[in-house]
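In: My questions concern the predicted model and sequence given below.
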Amino acid sequence: MRLDLHLKHGPTKLAWSIDDQVTISELMSQIESELSIPKTGQKLILNGQALTSLDHGSTLQQAGVRNLSKIMVLGRRFDPEGDQMYQNILQAEKKVQITAEKLQQVADEVRDIERGFLSPEHHQKAWPSLLKRCRNGSEEFMRLLETLDTFRFEEHQQMAKSKRKSLVDIINKKLDANDELQRKVERLQAIAHG
C-alpha cells in the first residue's frame with residue numbers, strides 16, 4: 001500500500017509517496033539521496049518519538065508509520081565545499097587522474113613500438129625510460145594510498161569516507177593494470193636485448 005508522508009527538515013518540507021513495505025533504513029537512504037543528509041547522521045522523529053537503530057530493519061508499517069504521517073528529519077546536510085577532508089580526497093582524485101594519464105601515455109608508446117612505429121635502433125633507449133615511468137606511476141599510486149590511509153573521519157563525514165573507499169578501489173585497480181604494463185615492458189626489453 002502507498003503512504004503519503006510529510007517530511008520536514010528545518011524549513012524544508014517534502015511530500016513523499018512511498019510503499020509501506022519499505023524499511024526505515026531504505027527510507028533513510030532515500031532521505032540521504034534527496035536531502036544530502038548522511039544516513040548515519042540522521043535522526044527520524046515520528047509522533048514525538050525517535051526511531052532508533054532497532055527500528056531500521058522494520059518496514060514503515062511495522063514502525064507505526066501511517067498514511068499522512070509527519071516525520072521530522074534531524075541531521076546536518078553534507079556540504080562538500082565546507083568539508084576539508086572531502087576536498088583533500090578530491091585533490092587526491094585529481095592526482096590519480098594525472099598519474100593514470102601519464103601511464104596511459106606509456107601504454108600508448110609501448111603499443112606504438114609493438115606496431116613498428118619506432119625504428120629498432122631506438123628501442124634500446126626507449127625501454128629503460130618506459131620502465132622508469134611505470135615505476136614512478138606505481139610509486140605515486142602507493143604514496144596516494146598512504147596519504148588516504150592517514151585520513152581520519154568524524155561521524156558526519158560519511159560521504160567523504162565513502163568517497164575515499166571508492167578512490168582506494170580505483171587506485172588498486174590502476175596499480176594492478178600498471179603492474180601488468182610494467183611486466184610487459186620488462187618482457188619486451190628482455191626480448192630486445194636477447
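Out: Yep, it's here. As the structure is a prediction and not an experimental result, all values here were calculated from the model.
In: ok, which stretches of the protein are helices?
Out: Secondary structure of the chain (DSSP state H): helices located at 24-35, 84-114, 123-150, 158-193.
In: domains in the protein, as residue ranges please.
Out: In terms of domains, the chain is parsed into 2-74, 84-193 (source: automatic domain parsing).
In: quick one: furthest residue from the center of the chain?
Out: Here the centre of the chain is the reference, and by C-alpha atoms, centre = their mean the most remote residue is E121, at 44.9 Å.
In: before we move on, back to that, now tabulate the domains of the chain in CSV and tack on mean pLDDT.
Out: Converted to CSV, the domains of the chain look like this (pLDDT from 0 to 100):
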stretch, mean pLDDT
domain 2-74, 89
domain 84-193, 92
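In: one step back: highest mean neighbour count out of the helices of the chain?
Out: Ranked by mean neighbour count, those are led by helix 24-35 with a mean of 17 (mean count of other C-beta atoms under 10 Å). Using the backbone N, CA and C atoms, a C-beta is placed for each residue, glycine as well.
In: Please report the number of neighbouring residues for the nearest residue to M159 once chain neighbours are set aside.
Out: Nearest in space to M159, with sequence neighbours left out and distances taken as C-beta to C-beta, 6 or more residues apart in numbering, is F78 at 4.8 Å. A count of nearby residues for F78, using other C-beta atoms under 10 Å, gives 19.
In: Tell me which residues touch F78, please.
Out: Residues counted as contacts of F78 (C-beta atoms under 8 Å, 6 or more residues apart in numbering) are 36-38, 156, 158-159.
In: Please apply the same query to L167.
Out: When the contact criterion is C-beta under 8 Å, 6+ apart, the partners of L167 are 89, 92-93, 96, 148.
In: Mind listing residues that contact stretch 180-194?
Out: 103, 106-107, 110, 113-114, 120, 123-124, 127-128, 130-131, 134-135, 138.
In: at 10 Å instead, please
Out: Residues lying outside stretch 180-194 but in contact with it, judged by C-beta atoms under 10 Å, 6 or more residues apart in numbering, are 103-104, 106-107, 109-111, 113-114, 120, 123-124, 126-135, 137-138.
In: Over to stretch 144-164?
Out: By C-beta under 10 Å, 6+ apart, the residues outside stretch 144-164 that reach it are 32, 36-41, 75-80, 83-93, 95-96, 99, 165, 167-168, 171-172, 174-175.
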